[in-house]
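>>> This is the structure alone, sequence omitted:
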């Protein structure tokens, strides 16, 4: 009920607890044209949704963000001015001396028709939220892409075992089964091939054939929509 007529909602010290069942609720509040209001003793009814959210937090994981996240803009705020009371007192003085009116004037005069709010800068802070929210397979693949020693052909069993070992090491719950793992891996690396070539002893085993490391990284960057400064290990 308290969200019925809100335009701007400020969430102080917000964080995401990882409940996937609630991710759709948050995304709906951000993007849906209507929200459902459920007052006590009255039948629920829909109202127009005009809410915009600002979330300030010191937590590592603030919002659920998909690889192709397009709902949230995330920035890291510099700590350069931390405890700089003179600086912040001057800001308060400026706002109390006509600053709010000046800001309102600038907002009213801005050329909004030429602004596409869906095209916002994709930052390193957003990538952090994407990686926190990523599935176990996505996290494993990202770690593999940071390895400088790249193997283009590997047994499917061996690669899946690496994923299980990684999941256990990181304490990740509910690892994907082998079929789900292969399906998600193909989504992350569309040019990957799965085959069953003959070995030197005449036997055959299934293997993944990956393109070059640079190509795999480029495909991942295309999915997250930003260039990544890869930290090779």
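Received the coordinates, thanks. Source: prediction; values computed, not measured. Numbers count the residues shown, from 1 in each chain.

>>> Does residue 205 touch residue 155 like I think?
Yes: shown here, residue 205 and residue 155 form a contact pair, counting by Cβ atoms under 8 Å, at 5.7 Å. From N, CA and C alone the C-beta is placed, and that goes for glycine too.

>>> Could you list the residues in contact with the helix or strand of the chain with the lowest mean pLDDT?
Within the chain, judged by mean pLDDT, DSSP states H and E, the helix or strand with the poorest mean is helix 20-31; its value is a mean of 87. Helix 20-31 is touched from outside by 3, 35, 49, 51, 53, 63, 64, 71, 72, with contacts defined as Cβ atoms under 8 Å, 6 or more residues apart in numbering.

>>> Give the burial count for the first one, as a bare number.
Right, the one you point to is residue 3. Applying other Cβ atoms under 10 Å, we find 12 residues neighbouring residue 3.

>>> got the contact list for it?
By Cβ under 8 Å, 6+ apart, residue 3 lies in contact with 9, 29, 35, 37, 51.

>>> after the least confident helix or strand of the chain comes which helix or strand?
Using DSSP states H and E, the helix or strand that follows helix 20-31 in sequence is strand 34-37.

>>> For that following strand, buried residues please.
By neighbour count on 16 or more other Cβ atoms under 10 Å, the buried set for strand 34-37 is 35, 37.

>>> That strand: partners in the sheet, and parallel or antiparallel?
Applying DSSP bridges, strand 34-37 is found paired with strand 45-48 (antiparallel).

>>> Show me what the following helix or strand past the partner strand packs onto, helices and strands only.
Following strand 45-48 in sequence order, the next helix or strand is strand 52-56 (DSSP H and E). Here strand 52-56 is seen to pack against strand 8-12 when contacts are counted using 3 or more Cβ pairs under 8 Å, 6 or more residues apart in numbering; DSSP states H and E.

>>> Tell me how the protein divides into domains.
Using automatic domain parsing, the domain ranges for the chain come out as 8-126, 135-224.

>>> Check these for me and report the most buried one.
Comparing those by mean neighbour count (mean count of other Cβ atoms under 10 Å), domain 135-224 ranks first with a mean of 14.

>>> Settle this for me: residue 118 is touching residue 70, isn't it.
Yes: with contact defined as Cβ under 8 Å, residue 118 and residue 70 form a contacting pair (6.1 Å).

>>> Shouldn't residue 154 be within a helix?
No: counting by DSSP: H, G, I helix; E, B strand; the rest coil, residue 154 is not found in a helix; it is strand.
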